[in-house]
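Colleague: Coordinates for the following, if possible.
(2 chains)
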2 protein chains.
Amino acid sequence: MCHVPRPTLADIARAAEVSTATVSHALNGTGRVGDATRRRVRETATRLGYGTPGPPRTRTLGIAVTTFPGAWNYTDIAYFSRAVTAATSAAHARGYALVTLPADRAADDSWHHLAVDGMLIMDSPRGDPMVRALRARGIPLVFDGVPGDPLPGDHWVDNDHESATREVLDHLASSGARRVALQSGSGGEHYAHAVTAAYERWCADHARTPLIVPFDETDDGGNAFDALLGDPGNRVDAVYAAYDPGGRQLLAAAARHGLRVPDDLRVVCASEDPAYARTTPPVTTLTLAPEQMAHAAVAVLVALIEDDGTVPSGPVTVPAGLVVRASSEACPAQRV
Amino acid sequence: MCHVPRPTLADIARAAEVSTATVSHALNGTGRVGDATRRRVRETATRLGYGTPGPPRTRTLGIAVTTFPGAWNYTDIAYFSRAVTAATSAAHARGYALVTLPADRAADDSWHHLAVDGMLIMDSPRGDPMVRALRARGIPLVFDGVPGDPLPGDHWVDNDHESATREVLDHLASSGARRVALQSGSGGEHYAHAVTAAYERWCADHARTPLIVPFDETDDGGNAFDALLGDPGNRVDAVYAAYDPGGRQLLAAAARHGLRVPDDLRVVCASEDPAYARTTPPVTTLTLAPEQMAHAAVAVLVALIEDDGTVPSGPVTVPAGLVVRASSEACPAQRV
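Modeller: Numbers count the residues shown, from 1 in each chain, chains lettered A, B, ... in the order given. As a prediction, this is how the structure comes out:
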């Protein structure tokens, strides 16, 4: 396609037969300009293509999860699946298409040329090459989760992981837990770091020793918990698993060690998977509200693209929610 | 970007220093060509850009639901939401991005220029303007649901609506129903037509009078059923609702008329909404298997795009499944 040079104020002034000062006032809504003149200037400006963005609008938003390089399928994880579905609905409601990028797309350079008006980046780690390239192209960005490399003026939507993690730990303590371990990640994304830091502060506040088990998505049997569950005289009586499969891993580990949940081991898991309502026992979950996160992120992104004056000045915080189920109910002594 | 003319067989023959017949045999795997020659010809062809598609590959698939014009949000319907999620996962697993178009996108012309390698069109009605434009551009298409305007060589994935509808009706008859009505659509998409036709044939086979209630998505109270439920001496005792909200509409209508489900009124609904397992009573559903439909459709579309020899010669049929719940259990006389 051919690109027409964008008109200057002088071009518009000449075509509308007014001064450049009048053009400036008419377009910016400042100074005293009569209605008819204002209308004529604005129509002339529109006709000449003034204010048209450089590249044509595609009315398409992009969404990508850049946390881990390589070919993992994030849509198989309930959080991302629900966030993508909600983002699609929110984009469509505003007349935008939504393009979802596969996780391994960062490995090639096809997304350098991606035709989008803006991108929603989920759980961006430090040194994210996609973010660097999109920033260089001047593509509006909104992050779902504080980005690994935030810059002044960045926009993001996130939960308050400090207060959400403390809510989980306080809940476990109030249900009788005395030794609470955390299963957390070691990736470069903000979430893993924020949850771990909140846990360590909570432990310090309560004079407890932090016990952190690294999350391993391939550990279906929860063997990573053996060291904490194996010694009857010195085992933990609660674990908060910050990643979706952790609850299932813990149920498997408890069964292997002959521990009853919740009597011997209380379990809470951050997850959006409804299947945790049907495990034996049902598992208490912390929902990070992916639908609300995605709706809020799309709203900010569209506001940025359309420059409509509704862009929030700071981060948007979405409440997390504790769904208490049998796996963390009060200890036997407190039950009938 | 600049377009290099695509090489002819003669160009390749000249560059590889063989005859054009040898080039043809080497590229098509026919005739007797030595391994070294075959390799040299193929490498030369690749180097010259033979077989490279005209427009650059975007490694992006598109998906759209074109059934109804205007701004309805199809991702709010469980069938489409689950199909889109599954299509995203299937596209990503093959290294493709997936762009989901809003329903009202057909009203403008931005999708005429959509940068996709292929499109998946769901429930395309007759006279679909998007399909016409995509055909004109030579974009590979796969339909989810027989298209309204099928052409020879079209590819689609669908359920066998004839046998699925008969399975529902036979189930209702075996549970004691004697007057079975159908709630169906009047849109231009194949689904509405196929289900209605199957119902009419089943009625003819069983010497029953067809009773068809048009689906109205705004009729939350199921008032459209009043005529069939109001007269105690002449009311229907079963309804098959072919659209997702129909089951809820029927429960509301039954309550208003003081009818017990299933004793007075048996209800089956085509739906993917898990909430039907928790209504009072839980509603028997027919699942049209949106995940399997989407996975199969993406597989065919990628095979078409990559021309890898795995394109099926005919339509792909995905089985529907009846999930029997309390709303259509055997009649009172047969129960304990």
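
Colleague: Give the full set of residues in contact with residue A:98.
Modeller: A:60, A:61, A:62, A:63, A:87, A:88, A:91, A:92, B:99, B:100 (CB atoms under 8 Å, 6 or more residues apart in numbering or on different chains). C-beta here means a position set from N, CA and C on the backbone, and glycine is covered the same way.

Colleague: Spatially nearest residue to it, not counting backbone neighbours?
Modeller: Spatial nearest neighbour of residue A:98, excluding adjacent residues (CB to CB, 6 or more residues apart in numbering or on different chains): residue A:91 at 4.2 Å.

Colleague: How about residue A:165?
Modeller: Once flanking residues are discounted, residue A:165 sits nearest to residue A:198: 3.7 Å by CB to CB, 6+ apart.

Colleague: Name the residues of the helix or strand the one you found falls within that come out as buried.
Modeller: Secondary-structure assignment from DSSP states H and E places residue A:198 in helix A:190-205. By 16 or more other CB atoms under 10 Å in any protein chain shown, the buried positions in helix A:190-205 come out as A:190, A:191, A:192, A:193, A:194, A:195, A:196, A:198, A:199, A:202, A:203.

Colleague: The fifth one and residue A:162 touch, don't they?
Modeller: Yes: contact between residue A:194 and residue A:162 holds when scored by CB atoms under 8 Å: they sit 6.8 Å apart.

Colleague: Give me the distance between the two termini of stretch A:180-191.
Modeller: By CA to CA, to the nearest Å, the extent of stretch A:180-191 from end to end equals 19 Å.

Colleague: do stretch A:241-250 as well
Modeller: One end of stretch A:241-250 to the other measures 8 Å (CA to CA).

Colleague: What is the neighbour count of residue A:138?
Modeller: Look at residue A:138: counted by other CB atoms under 10 Å in any protein chain shown, it has 9 neighbours.

Colleague: which outside residues touch stretch A:147-154?
Modeller: A:121, A:124-128, A:131, A:135, A:141, A:143, A:156, A:188-190.

Colleague: Any chance of CSV for these, columns distance to residue B:316?
Modeller: Output for the contacts of stretch A:147-154, formatted as CSV (distance: CB to CB, whole Å):
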residue, distance to residue B:316
A:121, 35
A:124, 38
A:125, 39
A:126, 44
A:127, 43
A:128, 39
A:131, 39
A:135, 43
A:141, 39
A:143, 39
A:156, 42
A:188, 42
A:189, 39
A:190, 43
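
Colleague: what's residue A:241 sitting at in phi/psi?
Modeller: Here the main-chain torsion angles of residue A:241 (degrees, to the nearest 10) amount to phi -100, psi 120.

Colleague: residues contacting it?
Modeller: Counted by CB under 8 Å, 6+ apart, residue A:241 has contacts A:183, A:215, A:247, A:249, A:250, A:267, A:268, A:269, A:270.

Colleague: What segments of the stretch 101-250 of chain A are helices?
Modeller: Taking DSSP state H, counting those that start in this stretch to define them, one finds helices in the stretch 101-250 of chain A at A:129-137, A:161-174, A:190-205, A:226-229, A:246-256.

Colleague: Need the winner for burial among those.
Modeller: helix A:246-256 (a mean of 22; mean count of other CB atoms under 10 Å in any protein chain shown).

Colleague: average pLDDT for the next helix or strand along the chain from that one?
Modeller: Moving toward the C-terminus from helix A:246-256, the next helix or strand (DSSP H and E) is strand A:266-270. Strand A:266-270 shows a mean pLDDT of 98.

Colleague: what's the answer for stretch A:119-127, then?
Modeller: 93.

Colleague: May I have the distance across that stretch, first residue to last?
Modeller: 17 Å.

Colleague: touching chain B at all, that stretch?
Modeller: No: shown here: stretch A:119-127 not in contact with chain B (CB under 8 Å from any CB of the partner chain), separated by at least 11.9 Å.

Colleague: buried set for that stretch?
Modeller: Neighbour counts over stretch A:119-127 (16+ other CB under 10 Å) mark A:119, A:120, A:121, A:122, A:123, A:124, A:125 as buried.

Colleague: residue contacts, the first one?
Modeller: Residue A:119 makes contact with A:61, A:62, A:63, A:64, A:134, A:139, A:140, A:141, A:142, A:301 under the criterion CB under 8 Å, 6+ apart.

Colleague: coming back round to it: and the residue nearest to residue A:98, how far is that from residue A:120?
Modeller: 9 Å (CB to CB, to the nearest Å).

Colleague: ditto for residue A:157
Modeller: The spacing between residue A:157 and residue A:120, counted by CB to CB, is 9 Å.

Colleague: Below-threshold pLDDT in the stretch 201-336 of chain A: ranges please.
Modeller: Applying pLDDT under 70 to the stretch 201-336 of chain A flags the ranges A:331-336.
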